[in-house]
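> the following block contains a protein sequence and its predicted model.
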Amino acid sequence: METTTAAPQRDALESEIRRIGAELADAFPSNARHPLRALDTRAMELASGDQELKAALFRFVDVVPACRSLDDLARHLKGFLEEVPDAPSSIAVAMRMSNTRAGRAALGAAAASGVKHMAHRFIVGETPSAALGVLRQLWERGVASSVDLLGEATVTQAEADHYAARCNAALEELAHASR
């Protein structure tokens, strides 16, 4: 049961979070100069408003590297989207597309393109040195960020040692660049 003081505090916190989010969004380049970014932003808004849809899409993104064909991509996407209750109408269109081979090819191509485009929102470089320019620009605009190396899946001790060495090298390179 919520106390009478908890609701106003929660509402005030929500307002403050939204205000800060708007300030951060305003600090980034306009969507008007980047039509694909506008579409990307709309897709993110759709997903962020539906926790089940967002979870399904993140699960899909996780399996994309293992998919070997457009048909495979479409089948996986359909499988994850089928788990979303009360999905938006645009999802129903994607589901219908996956019923034919040609539709799966088109859906798979769209999904591959969407995942690749979306990755560019989050992946600023394939190596630490490639990411330095973007990280520096963000920092100079007052935007802090976290850094993650891709390909951290390890099964063997040798893979774990290799990944640990990559992490160490990345930290050394970023620390050197920050001086």
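Cool, the structure landed.
> the closest residue to Ala94 other than its chain neighbours: neighbour count?
Spatial nearest neighbour of Ala94, excluding adjacent residues (C-beta to C-beta, 6 or more residues apart in numbering): Leu107 at 6.0 Å. Backbone N, C-alpha and C define where each C-beta goes, glycine included. When neighbours are counted by other C-beta atoms under 10 Å, Leu107 registers 25.
> use 50 as the first number from now on
New numbering, starting at 50: the last item is Leu156.
> gap between Leu156 and Ala123?
4 Å (C-beta to C-beta, to the nearest Å).
> mind listing the shared neighbours of these two?
Met146, Ser147 (C-beta atoms under 8 Å, 6 or more residues apart in numbering).
> C-terminal to the helix or strand bottoming out on mean pLDDT in the chain, what's the next element?
Ranked by mean pLDDT, DSSP states H and E, the helix or strand of the chain with the weakest confidence is helix 84-97, at a mean of 68. Downstream of helix 84-97, the first helix or strand assigned by DSSP states H and E is helix 100-112.
> next one: that following helix to chain centre, how far?
10 Å (C-alpha atoms, centre = their mean, to the nearest Å).
> quick one: mean pLDDT for the helix or strand just after that helix?
Downstream of helix 100-112, the next assigned helix or strand under DSSP H and E is helix 119-130. Helix 119-130 shows a mean pLDDT of 92.
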